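J.: Here is the input, now give the coordinates:
(one chain, ligands or ions: 3)
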Amino acid sequence: MTEVTNVKAYGNEAADAPLKGLNINRRKPTPHDVEIDILFCGICHSDLHTARSEWGPTQYPCVPGHEIVGKVTAVGNHVDKFKVGDTVGVGCMVDSCRECQYCKEHKEQYCERGTIFTYGAPDKHLGGYTFGGYSERIVVDENYVLSISGKVDLAATAPLLCAGITTYSPMRHFRVSPGQNVGVVGIGGLGHVAIKIAKAMGAHVTAFTTSESKFEEARRLGADETVLSKDPEQMAKYAGKLHFILDAVSAKHDINAYLNLLRVDGSLVLVGVPPEPLPVAAFSLIGGSRSLAGSLIGGIKETQEMLDFCAEHNITADIEMIDIQTINEAYDRLVNGDVKYRFVIDMASLKK
Ligand code: NAP
Ligand code: ZN
Ligand code: ZN
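T.: Ligands and ions are numbered 1, 2, ... in the order given. Sure, this is the predicted structure:
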């Protein structure tokens with residue numbers, strides 16, 4: 001039997017139930033495990049989609065959280081990458097088969113035998129389902145733990161573990177490069193980090209937002225141009241102009257309006273996951289040999305590369321720190337787009 005310790009966490013027990021304090025078990029570190037005291041955990045819109053079963057039935061209790069930064073408190077006797085006291089991160093996955101073609105290509109998020117996501121995936125050690133970062137502590141195999149530079153702002157770095165890699169990976173894949181016109185749609189947690197990363201890659205960045213209050217602010221985040229996407233006149237000026245668009249919108253919207261902004265051979269990558277299907281008009285694509293693609297987070301190796309890239313370019317998230325006791329209000333504000341630009345939970349509040 002695997003030895004366990006009981007730790008405090010926050011989660012919910014049904015789609016329509018609020019999040020509340022729970023106790024969960026964590027395994028004692030096995031030889032390849034790293035035990036981490038969680039300092040900060042970002043709140044991703046995926047946490048909310050999952051907690052509320054918006055993408056289909058969730059396994060309850062659900063303890064979300066996959067933007068984790070913390071300190072190593074113990075390591076198994078075969079761990080060689082980390083030692084007690086190191087600052088580390090955990091993102092959206094904690095294991096995969098390590099043998100399939102995609103694991104071997106460092107794309108563990110597409111593991112053929114099923115990626116073990118940080119929450120809501122089958123837990124092969126304890127049975128049941130994995131629990132995420134809204135908790136005091138987590139135990140993760142060293143191969144799925146990221147190194148975080150001691151010099152960065154740890155709370156503002158936490159969101160990079162999901163928002164950072166999810167936007168960095170497709171921009172690398174589609175070779176976003178200096179001089180290209182890049183559009184970012186939806187200036188939330190993912191979108192605001194995407195603006196910063198695209199700028200650091202040398203692109204000319206245009207932010208598309210539905211929120212009047214973000215219209216000017218997007219420039220402070222680094223955008224060269226901002227467009228109020230509800231205004232057809234402003235949108236029309238960008239028809240056929242963009243090489244690449246990253247769409248990070250969490251709700252139903254008209255993607256044809258954005259496909260029409262692509263140049264010939266341009267690509268729009270969906271990273272946002274609205275629960276409803278998005279209709280695509282054939283002419284939006286065939287009219288300019290355009291591509292519509294999707295992308296899911298990024299592999300562990302690329303996540304480390306992204307963290308190093310962001311540390312080098314001084315990129316962190318703009319955050320609003322909260323105590324975990326106010327998480328349900330934070331979720332409601334997230335639904336209303338009322339966050340600038342990522343909530344991060346100060347996990348010390350769990351001890352209150
Ligand atoms: P977020 O902070 O809530 O940002 C979403 C943004 O979408 C909002 O700030 C808003 O931007 C825009 N938006 C919201 N409702 C809208 C509507 N009805 N019409 C048009 N625009 C709307 O969410 P997030 O954490 O960045 O996540 C964004 C999406 O990406 C979520 O669906 C999440 O599940 C998904 N996600 C995917 C991956 C992946 O691997 N592919 C990873 C992480 C998250 P404006 O105010 O600027 O319009
Ligand atoms: Zn996420
Ligand atoms: Zn695999």
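
J.: Which positions in the chain make contact with ligand 1?
T.: 44-46, 49, 162, 166, 186-191, 209-211, 214, 248-251, 253, 271-273, 295-297, 334, 337 (CB under 6 Å from any ligand atom). From N, CA and C alone the C-beta is placed, and that goes for glycine too.

J.: Whichever of those count as buried, I'd like them selected in ChimeraX; how would that read?
T.: To isolate the buried members of the residues of the chain next to ligand 1 in ChimeraX, using 16 or more other CB atoms under 10 Å:
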select :44,45,46,49,162,166,186,187,188,189,190,191,209,210,211,214,248,249,250,253,271,272,273,295,297,334,337
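
J.: Show only the entries of the residues of the chain next to ligand 1 found in strands.
T.: Per DSSP state E, strands hold the following members of the residues of the chain next to ligand 1: Thr209.

J.: among the residues of the chain next to ligand 1, which are in helices?
T.: His45, Ser46, His49, Thr166, Gly189, Leu190, Gly191, Leu334 (DSSP state H).

J.: show me which of the residues of the chain next to ligand 1 neighbour ligand 2.
T.: Cys44, Ser46, Cys162 (CB under 5 Å from the ion).

J.: near ligand 3, which of those show up?
T.: Checked against ligand 3 using CB under 5 Å from the ion, those give no members in range.

J.: how about these in a markdown table, adding pLDDT?
T.: Output for these, formatted as a markdown table (pLDDT from 0 to 100):
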| residue | pLDDT |
| --- | --- |
| Cys44 | 98 |
| Ser46 | 98 |
| Cys162 | 98 |
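
J.: could I get those residues as JSON lines with distance to Pro232?
T.: Formatted as JSON lines, these follow (distance: CB to CB, whole Å):
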{"residue": "Cys44", "distance to Pro232": "31"}
{"residue": "Ser46", "distance to Pro232": "31"}
{"residue": "Cys162", "distance to Pro232": "33"}
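
J.: quick one on the thing from earlier: between the ones in helices among the residues of the chain next to ligand 1, which is nearest ligand 2?
T.: Of all these, Ser46 has the smallest distance to ligand 2: 4.1 Å, by CB to the ion.

J.: for ligand 3, what are the nearby residues on the stretch 101-250 of the chain?
T.: Close to ligand 3, as judged by CB under 5 Å from the ion, the stretch 101-250 of the chain has residues Cys103, Cys111.

J.: and with 6 Å instead?
T.: Tyr102, Cys103, Cys111, Glu112, Arg113 (CB under 6 Å from the ion).

J.: Once you drop chain neighbours, what's closest to Ala257?
T.: Once flanking residues are discounted, Ala257 sits nearest to Met235: 6.3 Å by CB to CB, 6 or more residues apart in numbering.

J.: Could you tell me how far that neighbour is located from Ser213?
T.: 19 Å (CB to CB, to the nearest Å).

J.: ok, now Arg333?
T.: Arg333 is 13 Å from Ser213, by CB to CB.

J.: Look at Val69 and give its secondary structure.
T.: Three-state assignment for Val69 (DSSP: H, G, I helix; E, B strand; the rest coil): strand.

J.: what's near enough to touch the residue nearest to it when sequence neighbours are not counted?
T.: What sits nearest to Val69 in space, not counting adjacent residues and going by CB to CB, 6+ apart, is Ala158, at 4.5 Å. Ala158 makes contact with Phe40, Cys41, Gly42, Glu67, Ile68, Val69, Gly89, Ala317, Ile319, Val344, according to CB atoms under 8 Å, 6 or more residues apart in numbering.

J.: Narrow these to those in strands?
T.: Reading strands off these with DSSP E, I get Phe40, Cys41, Gly42, Ile68, Val69, Gly89, Ile319, Val344.

J.: who does the fifth one bridge with?
T.: Using DSSP bridges, the bridge partners assigned to Val69 are Phe40, Gly89.

J.: Residue ranges in the stretch 51-200 of the chain under the pLDDT threshold?
T.: Residues of the stretch 51-200 of the chain meeting the criterion pLDDT under 70: none.

J.: So which bits of it are right by ligand 2?
T.: Of all the residues in the stretch 51-200 of the chain, those lying near ligand 2 are His66, Cys92, Cys162, going by CB under 6 Å from the ion.

J.: Swap in 8 Å and give it another go.
T.: His66, Glu67, Cys92, Cys162, Ala163, Thr166, Gly189, Leu190 (CB under 8 Å from the ion).

J.: Now the second one. Nearest residue, chain neighbours left out?
T.: Same thing as Glu67. Glu67 sits nearest to Gly42 (CB to CB, 6+ apart), 3.1 Å away.

J.: do you know how far whatever residue of the stretch 101-250 of the chain ends up closest to ligand 1 is from Tyr102?
T.: The stretch 101-250 of the chain approaches ligand 1 most closely through Gly188 (1.8 Å), counting by CB to the nearest ligand atom. Note on Gly188: its distance to Tyr102, by CB to CB, is 28 Å.

J.: same check, this time on Met306
T.: 18 Å.

J.: and these two? which has more neighbours close in?
T.: Met306 (26 against 17; other CB atoms under 10 Å).

J.: Dihedrals phi and psi, that one?
T.: Dihedral angles of Met306 (phi, psi; degrees, to the nearest 10) stand at phi -60, psi -40.

J.: Contact partners for the closest residue to it other than its chain neighbours?
T.: Closest residue to Met306 apart from its sequence neighbours, by CB to CB, 6+ apart: Tyr168 at 4.1 Å. By CB under 8 Å, 6+ apart, the contact set of Tyr168 is Ile197, Gly298, Glu302, Glu305, Met306, Phe309, Cys310.
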